[in-house]
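*Asks:* everything below, folded, please.
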Amino acid sequence: MAHRCVSIGWVEDNSSSSPMSEFNRIPMLTLEINEQPITETLDALGNQTISIGQDVMRHLLRLHWDLLHQQQVEDYCLQLDPNVVECDGCASQKVVCPLGILPLQQQVCFNSQTGKHILLGNDLLPEHHGTIITCALQGWACLFPQDLPFRTVERLLSWQTQQPKVISRGEVSRLVQRHGEMIRAAEAKEAKQLAGQGGLSEFEVNLIEAKAPRHRAAWPVELTAAEGQTLADPKSKAPEGITHQDWQRVLETRAGETACWPVEKLRRLGAEIQPEQTIAVTNDILVQPQASKCLTLRVARIATVTEYWYVSGTGSLVFRQLSLLLSFCSGFNGWVPLLGDGAKWLCNYFERELSEFTQKELLLDCYHPHRKCADFAEMIASTCEEKKALKNNLHSSLWVGRIGSAIKALEACYLQAKNEQKFQKLIGYLKTWRPYVVNYNERRLNRQYIGSAHAKEACELVVVKGQKNKGVNCSEATADALAAMKTVMLNQAWDLFWVDQQILPLATNP
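*Replies:* Down below sits the predicted model:
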């Protein structure tokens, strides 16, 4: 019966008269339209075409392998006497690739001089002990878990390869761990090598170019006219819809050198990185690799006016990478503001690891002390009125950087404190972070950073969303590996890692 087929053959040249030696013929099943509802005909044709295409590509891959392997067998036999080498059957090697699961045949030869069998073709394959998973499929298996759970990745790989259960979710987890460990090992090796070298100021840092946001934060356009009218009267109050603090920043800007700025530009006032600045923001985030315990991941983001870089990890490696990046970007005499959220290690890192920097400053994220004082005020004060009054006193003092006033406000309510332990703990917290609490109001008016929003955004980007949910059952190694690969992706080095098995270096020596 007549039917369509795909023929794979060999021709000497591209001319139409060149004869073809056929290697293989793949039949194509004809879709019976009567068997399908009219509305599903196109979908059925598409699915059948994809299936045929996958089948043709598998035949091509096996054919290319057979030709290459046969050439290697012939070369091996030519090196020895014909009476010495004897072909003694074939062995099948299981290969898992984006085309599915393929068995590749390898020739087994018996060498009568050595009395041993030789399996030819292993030098054409990557090092293996059993099934071979190609690099392309490993890349898929490590890419999809950035947004999907392992069970869904298992199903998605089956759909992509058109074969059921091409690899299990356990194998996906092992691949993620293996490549995550490779990334961390490469990072540690590079940090160790750079730390042992001198003249780091001569190195050229490899930061990622920051693209301008499509839409910068601004007030609604509808307020532009009202804003312009209000600015004409210096004694008027802020227009409705604009906070008092934002309006004060507008007035401060208009009173300075930028008085000629148009109203449209004043809508978009905000903190900006100065040309001589290298800002580092850090944050810790708890992930739940197992139900019984949590893992703390440290995430940091380095930013200059035009470039950025992400760092993540669980140990001291993050500190070493952060210090190296700061020295590359600004040198020991540059202006380095470090913003954090009150982590215990932050003060020690600032005083010890950044001791050689002459223009460094550590700033406590404005949100953290306000949130801390609000929570502790609920446990210290008794009545609602006392809680409200204590919160107002603490917040007003902290906003202008007056820790002494905040401590006095606390001490004034010592006799009425219902929880002395929390009272003493809050006093100790304020004294510990006193050198790093600044006048947030003044910095905001001067359009300087007062929060670590960049670090919080980095945590959202680096840590897979599913890891922050309760009941997630994965190992600490898997959680760290996912963060490592996500960091490589954010630093735009994903292709470099999978093609060349390298990470983008922090800096290069010109």
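*Asks:* make it CA atoms for all contacts and neighbour counts henceforth
*Replies:* Noted.
*Asks:* helix, strand or coil: sort out Phe319 for me.
*Replies:* helix (DSSP: H, G, I helix; E, B strand; the rest coil).
*Asks:* wait, it sits on Tyr349?
*Replies:* Yes: the pair Phe319 / Tyr349 is scored as a contact, 7.4 Å apart, by C-alpha atoms under 8 Å.
*Asks:* more crowded one of these two?
*Replies:* Phe319 (21 against 14; other C-alpha atoms under 10 Å).
*Asks:* so Ala483 sits in a strand?
*Replies:* No: the assignment for Ala483 (three-state DSSP) gives helix, which keeps it out of a strand.
*Asks:* touching, it and Thr314? I think so.
*Replies:* No: Ala483 lies out of contact with Thr314 (C-alpha under 8 Å); the separation is 9.9 Å.
*Asks:* looking at those two, which one has more neighbours?
*Replies:* More crowded of Ala483 and Thr314, by other C-alpha under 10 Å: Ala483, with 26 against 16.
*Asks:* and the gap between that one and Gln106?
*Replies:* Applying C-alpha to C-alpha, to the nearest Å, the value for Ala483 to Gln106 is 39 Å.
*Asks:* ok, now Leu325?
*Replies:* 50 Å.
*Asks:* and for Trp309?
*Replies:* Distance from Trp309 to Gln106, by C-alpha to C-alpha: 47 Å.
*Asks:* do Val84 as well
*Replies:* Distance from Val84 to Gln106, by C-alpha to C-alpha: 19 Å.
*Asks:* the two: which has the busier surroundings?
*Replies:* Under the criterion of other C-alpha under 10 Å, the comparison of Val84 against Gln106 puts Gln106 first, with 20 against 14.
*Asks:* okay, and that one sits in which element?
*Replies:* Taking DSSP states H and E as the criterion, Gln106 maps to strand 100-111.
*Asks:* next, the buried residues of that strand.
*Replies:* For strand 100-111, burial by neighbour count (16 or more other C-alpha atoms under 10 Å) applies to Gly100, Ile101, Leu102, Leu104, Gln105, Gln106, Gln107, Val108, Cys109, Phe110, Asn111.
*Asks:* run through the residues that contact the first one.
*Replies:* Meaning Gly100. Residues in contact with Gly100 (C-alpha atoms under 8 Å, 6 or more residues apart in numbering) are Arg58, Thr161, Gln162, Gln163, Val166.
*Asks:* any idea what it is bridged to?
*Replies:* In this structure, Gly100 bridges to Cys97 when assessed by DSSP bridges.
*Asks:* again with the one 10 residues further on
*Replies:* Residues in a beta bridge with Phe110, per DSSP bridges, are Glu86, His117.
*Asks:* from memory it sits against Asn83, does it?
*Replies:* No: Phe110 lies out of contact with Asn83 (C-alpha under 8 Å); the separation is 10.6 Å.
*Asks:* what's around Gln138, how many residues?
*Replies:* 19.
*Asks:* equivalent analysis for the one 10 residues further on, please.
*Replies:* A total of 15 residues lie near Leu148 under the criterion other C-alpha under 10 Å.
*Asks:* that's a helix at it, yeah?
*Replies:* No: counting by three-state DSSP, Leu148 is located in no helix; its state is coil.
*Asks:* can you offset everything so residue one is 52?
*Replies:* All right, first residue 52 from here; so that's Leu199.
*Asks:* what pLDDT does it get?
*Replies:* pLDDT, Leu199: 86.
*Asks:* check the one 10 residues further on too.
*Replies:* The score at Ser209 is 92. That number is its pLDDT.
*Asks:* also Gln518?
*Replies:* Gln518 carries a pLDDT value of 65.
*Asks:* which intervals of the stretch 252-401 of the chain have sub-threshold pLDDT?
*Replies:* Low-confidence segments of the stretch 252-401 of the chain, defined by pLDDT under 70: 264-287, 292, 305-318, 339-344.
*Asks:* buried ones in the lengthiest helix in the chain?
*Replies:* Using DSSP state H to define each element, the chain has its longest helix at helix 92-130. By neighbour count on 16+ other C-alpha under 10 Å, the buried set for helix 92-130 is 95, 99, 103, 105, 107, 109-110, 114, 116-117, 120-121, 123-124, 128.
*Asks:* nearest to Gln144, of those?
*Replies:* Gln144 lies nearest to Trp116 out of the buried residues of helix 92-130, by C-alpha to C-alpha, at 11.6 Å.
*Asks:* quick one: the closest residue to the closest one other than its chain neighbours from Cys141, how far?
*Replies:* Excluding its sequence neighbours, the residue lying closest to Trp116 (C-alpha to C-alpha, 6 or more residues apart in numbering) is Leu155, at 7.4 Å. According to C-alpha to C-alpha, Leu155 stands 10 Å off from Cys141.
*Asks:* residue at max distance from the center of the protein?
*Replies:* Asn134 (59.2 Å; C-alpha atoms, centre = their mean).
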